[in-house]
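Chemist: task: produce atomic coordinates for the following.
(chains A and B)
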Amino acid sequence: HSFCSMLLPRKKFLYHYKNVRWARGRHETYLCFVVKRRVGPDTLTFDFGHLRNRNGCHVELLFLRYLGALCPGLWGYGAAGEKRLSYSITWFCSWSPCANCSIQLSQFLRNTPNLRLRIFVSRLYFCDMEDSLEREGLRMLSRAGVRISVMSYKDFFYCWQKFVDSKTSSFKAWEELHQNSVRLTRKLNRILQFFQSWDLEDLRDALKLLGL
DNA sequence: ATTTTCAAT
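Modeler: Below you'll find the predicted structure:
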C-alpha cells in the first residue's frame, strides 16, 4: 500500500514499542495490524502492515480512514447490505487509545458488526488517574466487544517477526520487559474491573503457532 | 525520590 510501508526499521520498533515506565520522547504512535477475512469458522490472513500518526490525526482514526481499502466488501458490494464480508483485525499499538479514539472506535464497531477488533498495547496512555477519560474509553471499547490486552514477550516477538525489518537478527528482550508487561496487565485488569478470559481465536492462533 | 504521554518549537 502507498499509505503503509511494509517493514518497520528495527530501531524505530524498539524505541516506540519499549514498554518502559517513563516513555520520555515517544511523541509518535505506531500501529501494526493484521487483517484476516473470516470464512465460517476459519480465518485467512488477508493483509498486514503498519501506520503511524500524522498531521495531528491519531493513528487509530487514520486506520479507520484506510479501513475500506484494507477490507474490501466490509460494507457489501452493490445493493445495500448484500454480500457483506466478515473480517477480524488484530492490531498492536505502542500507546493505548486516547478517550476520543476509544469513543469513535466503539461507535464505529457498533455499526459494523461484521468486523471484529482485537487490540494489544505496549503502554497505557494517560491512565494514571482513577477518573481519567482514557480509562473510561478503554471500558467503553471493552463493552463494544473489543478485547484489549497489554503486550507480553510473545506479542513483541511476533511483531518483530511480522512487521520489523529484522533481517536475520532475532528478537532480544530489553531489561524489565516482563516485569513492565505484568505491571501494566494488572493495571489494565483493574481498569476493566474484570479478568478477561481466553477467547477462541487466541487459542486457534496459539495452536497454529505450535503447528498443531 | 523522581521521571512520560498520538508535540511544539
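Chemist: let me know the pLDDT of the spatially most central residue of chain A.
Modeler: Taking CA atoms, centre = their mean as the criterion, residue A:91 is the residue nearest the geometric centre of chain A, at 2.4 Å. In this model, residue A:91 is scored at 98, pLDDT.
Chemist: likewise for residue A:30?
Modeler: pLDDT for residue A:30: 98.
Chemist: what's the answer for residue A:43, then?
Modeler: The model's pLDDT for residue A:43 equals 86.
Chemist: and the helix or strand in which it is found, what's buried?
Modeler: Element membership for residue A:43, per DSSP states H and E: strand A:42-52. Within strand A:42-52, the residues scored as buried using 16 or more other CB atoms under 10 Å are A:43, A:46, A:47, A:48, A:49, A:50, A:51. No exception for glycine: its C-beta is placed from N, CA and C like everyone else's.
Chemist: and if you look at stretch A:21-28?
Modeler: By neighbour count on 16+ other CB under 10 Å, the buried set for stretch A:21-28 is A:23, A:26.
Chemist: cool, stretch A:162-180 as well?
Modeler: Across stretch A:162-180, burial judged by 16+ other CB under 10 Å covers A:162, A:163, A:164, A:166, A:171, A:177, A:180.
Chemist: from those residues, which land in helices?
Modeler: A:162, A:163, A:177, A:180 (DSSP state H).
Chemist: CA atoms only for the helix-or-strand element of chain A with minimal mean pLDDT - export them in PDB, please.
Modeler: Here the helix or strand of chain A ranked lowest by mean pLDDT, DSSP states H and E is helix A:200-209, holding a mean of 81. What follows is helix A:200-209, C-alpha atoms only, in PDB (Å, rounded to 0.1, in the frame of the first residue of the first chain):
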ATOM      1  CA  LEU A 200     -11.400 -19.000  20.800                       C
ATOM      2  CA  GLU A 201      -9.400 -17.000  18.300                       C
ATOM      3  CA  ASP A 202      -6.500 -16.600  20.600                       C
ATOM      4  CA  LEU A 203      -6.500 -20.300  21.200                       C
ATOM      5  CA  ARG A 204      -6.500 -21.100  17.500                       C
ATOM      6  CA  ASP A 205      -3.600 -18.700  16.900                       C
ATOM      7  CA  ALA A 206      -1.600 -20.300  19.700                       C
ATOM      8  CA  LEU A 207      -2.200 -23.800  18.300                       C
ATOM      9  CA  LYS A 208      -1.300 -22.700  14.800                       C
ATOM     10  CA  LEU A 209       1.900 -21.200  16.100                       C
END
